[in-house]
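In: Next one to model:
(one chain, ligands or ions: 1)
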Amino acid sequence: MTNPLLAEWQTPFEIAPFDRIKDEDFAPALEEALAAHRAEIAAIAESSASPSFANVIEALEAAGKALDRVLGVFFTVAGADSNPAREALQRDFSPKLAAHYSEISANKALFARVAAVWVARETLDLTDEQNRVLMLTHRGFVRSGAALSGPEEARMKEIKGRLATLGTQFTQNLLADEREWFMTLSEADLDGLPGFVVDAARAAGAEKGLGGPVVTLSRSLIVPFLQFSPRRDLRERAYRAWVARGANGSDTDNRAIAAEILRLREERARLLGYDSFAQYKLETEMAREPARVRDLLLQVWDPARARAEADAQVLTAMMHADGVNGDLEPWDWHFYAEKRRKADHDLDEAALKPFLQLDRMIEAAFACANRLFGLEFRPLNVPLYHADCRAWEVIRNGQHVAVFIGDYFARGSKRSGAWCSAMRSQARFPQVQAPVVINVCNFAKGDPALLSYDDARTLFHEFGHALHQMLSDVTYESISGTSVARDFVELPSQLYEHWLEVPEVLREFATHAETGEPMPQAMLEKVLGAANFDQGFQTVEYVSSALVDLAFHDGPAPVDPMEKQAEVLAALGMPHAIGMRHATPHFAHVFAGDGYSSGYYSYMWSEVMDADAFAAFEEAGGAFDPERAEALERHILSTGGSREAEELYLAFRGRLPGVEALLKGRGLIAA
Ligand SMILES: [Zn+2]
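Out: Residues are numbered from 1 along each chain as shown. Prediction:
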């Protein structure tokens, strides 16, 4: 019988046939796909024809399609719906894949052919996009160590394999810690919690097969618990468990793993001739230099810290008025900030929540994409990997554009956070392929499912990434969609969050779950007015994480990352009652893989641009200005990585943004 992962997919839009794929299909499919890719690479490297763009660069683009399919499916289910078998497969696959890609980038004959095309580029009459793909391919080889030989080459291979294994271990330890811990609540412990938190706690208890409600380490449960529970002792227990993820001193402890990762990254950068891992990493980014990153972060840090310290005084006074003496602690901040929000802004999250129905917010995200880009969404009934997943066909002017899949609910088998990935990316070469894009979130289930305002922003954020994939219009897959500089990739997603804040969007789609009434004008104004609320705290917890990430990678690797973290925070004057958004033992952005290492700053770098880019709409005809929308698609959403990020932004906006727009947007300086 043919392995369903490798057979032709005779399904609507060639979506993976999830109903026929079994866990035992993955390992043999991977072996076969790896072998096929190896054979394709060998044919390119050993060809006797003289090297050309077609027989080297295009041939590389066309190779590995079976592998893309197998991994597109595997990583989707491993992240969103894992089980012990899939976890074991992932442990087995990651060193194999690292070895496979190292083997390709260390292939001397192949690199010689790539280099030959690179040297001859001026004479090849290539299109701009072809030139770009050639430059990126060549640079990729050089950066991965293709120019190394002998013991240095062998060491590089070893380092990469080990880093892949460590990254997987880091993630799995984190998942284990998040799954392991829970705190049972008595009926009396539920006092003061709004209905949706009680429901979520009961649902979490039921999922664990327990009779009563529990608090787990799912962000969608623990954050509202910290916000609403008047029980300081329970908040402290929950908070301490939350920040101890990955640092429990047990066999899932991540601290030694983090130290080893940093050591290996530094060694890797030095082998390639860079002074530090940050120098190596930022070479391909819009920021380019560690100093430019630090400069941007510190420009934001001072006003953010000043705001947070002023807020801490207000919250401390509230706590003292409550009869609780002593210092404001990190497990107090959310609780008193929520009280203050109610007092100052009278915005009661529990009252707001019935207006933010998941289904209506999905409709809102679709409706904005329709007004801006003419996209239509038709429900699609296809078997997916979990009953909670939903699919839509995306159409424009009667033409198929993409398939969009939404997997919105939290469950134990899903890793935390929210993300967007393409099971298949857009390309026109070697044949036209339309994207299959998925958004995965961790919203609490309910009937109807209700979101916090933060959840609704997350939904728009991930949908912004999805648009970047779905509207991609390039020839080559390697530069398609979100294949852009890391500090540019959050621009489309963070920019899309702004449409949730457009009053007419909230008026139409934020309707009450029971009465169907639109959100009252007063509440709407409060929601929009509250956007700047607690931004001192939010900015401080984020920027501190970003500066620790940079300090880890800009210079010699720290022997003890926890000590380094403490040093950086002390030098910054980290406010006592605020923790880092992600402390080292659970900083998955930085340690689960290479993606955001010395790159966590990039969310803020992108926010500088998103504030400025949305202002371009406001300066023109408003949030749905058709010319601005057209320019956004033409210069940013459709272009993938076909040009330098800075050029793309300049083409859209006519200039580069400064940090002021961000500070004003967060209310950290006067507008
Ligand atoms: Zn994002």
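In: residue in the stretch 251-400 of the chain nearest to the ion?
Out: Per CB to the ion, A365 is where the stretch 251-400 of the chain lies closest to the ion, at 14.3 Å. Where you see a C-beta, it was placed from the backbone N, CA and C, and this is true even at glycine.
In: What pLDDT does the model give that residue?
Out: At A365, the model reports a pLDDT of 98.
In: Ok, Q494 next?
Out: 94.
In: and what of E153?
Out: At E153, pLDDT is 88.
In: Surely it and I159 touch.
Out: No. Assessed by CB atoms under 8 Å, E153 is found out of contact with I159, at 10.9 Å.
In: What ranges does this protein have for its strands?
Out: 182-184, 214-216, 376-380, 390-396, 399-409, 419-424, 436-443 (DSSP state E).
In: Which among the ones you listed is found nearest to R20?
Out: Among the strands of the chain, the nearest to R20 by CB to CB is strand 419-424 (15.6 Å).
In: Could you list the buried residues of that closest one?
Out: Buried positions in strand 419-424, judged by neighbour count with 16 or more other CB atoms under 10 Å: C420, S421, A422, M423, R424.
In: of the residues you listed, closest to H498?
Out: Using CB to CB, the buried residues of strand 419-424 come closest to H498 at C420, 17.5 Å.
In: how about the closest one, what does it touch?
Out: V437, I438, N439, V440, E462, F463, H465, A466, Q469, T482, S493 (CB atoms under 8 Å, 6 or more residues apart in numbering).
In: Which one of the residues you listed is nearest to L124?
Out: Distances from L124 to the contacts of C420, taken by CB to CB, are shortest for T482, at 28.0 Å.
In: The helix or strand of the chain with the lowest mean pLDDT - contacts with which helices or strands?
Out: Within the chain, confidence by mean pLDDT, DSSP states H and E is lowest for helix 660-665 among all helices and strands, at a mean of 81. Here helix 660-665 touches helix 290-321, helix 602-619, going by 3 or more CB pairs under 8 Å, 6 or more residues apart in numbering; DSSP states H and E.
In: Nearest residue to the residue nearest the centre of the chain in space, ignoring adjacent ones along the chain?
Out: Against the mean C-alpha coordinate of the chain, by CA atoms, centre = their mean, the closest residue is W419 at 4.9 Å. Using CB to CB, 6 or more residues apart in numbering and skipping the chain neighbours, the partner closest in space to W419 is V440 (5.4 Å).
In: what's the answer for L471, then?
Out: Using CB to CB, 6+ apart, the nearest residue to L471 is L637, at 4.3 Å.
In: Could you do R265 as well?
Out: F277 (4.3 Å).
In: That neighbour against E267, yeah?
Out: No. Counting by CB under 8 Å, F277 does not reach E267; the two are 9.1 Å apart.
In: Any idea which residue of this structure lies closest to the ion?
Out: S493 (4.2 Å).
In: quick one, which of F277 and E267 is more surrounded?
Out: More crowded of F277 and E267, by other CB atoms under 10 Å: F277, with 26 against 16.
In: Next, work out how far apart that one and W605 are.
Out: Distance of F277 to W605, given as CB to CB, to the nearest Å: 18 Å.
In: mind showing which ranges of the stretch 1-150 of the chain have poor pLDDT?
Out: 1 (pLDDT under 70).
In: most packed of the helices and strands packed on helix 660-665?
Out: helix 602-619 (a mean of 21; mean count of other CB atoms under 10 Å).
In: same question for that helix, mean pLDDT?
Out: 89.
In: what does the chain have sitting close to the ion?
Out: Counting by CB under 5 Å from the ion, the residues of the chain close to the ion are E490, S493.
In: go with 8 Å
Out: With CB under 8 Å from the ion as the criterion, the chain meets the ion at residues A418, W419, C420, H461, E462, G464, H465, V489, E490, S493, Q494, Y603.
In: between those residues, which has the most around it?
Out: Of those, with other CB under 10 Å as the count, G464 tops at 26 neighbours.
In: neighbours of the nearest residue to that residue once chain neighbours are set aside, just the number please.
Out: Spatial nearest neighbour of G464, chain neighbours left out: Y496 (2.9 Å); criterion: CB to CB, 6+ apart. Residues lying near Y496 (other CB under 10 Å) number 27.
In: what's the answer for F463, then?
Out: 29.
In: quick one: pLDDT of it?
Out: On the pLDDT scale, F463 gets 98.
In: now swap in the one 4 residues further on and tell me
Out: L467 is assigned 98 on the pLDDT scale.
In: Any stretches of the stretch 201-350 of the chain with poor pLDDT?
Out: In the stretch 201-350 of the chain, no residues with pLDDT under 70.
In: One more pass at 80, please.
Out: 344-349 (pLDDT under 80).
In: How are the helices of it distributed by residue range?
Out: Secondary structure of the stretch 201-350 of the chain, counting by DSSP state H, counting those that start in this stretch: helices at 219-228, 232-243, 255-271, 277-282, 290-321, 330-340, 349-352.
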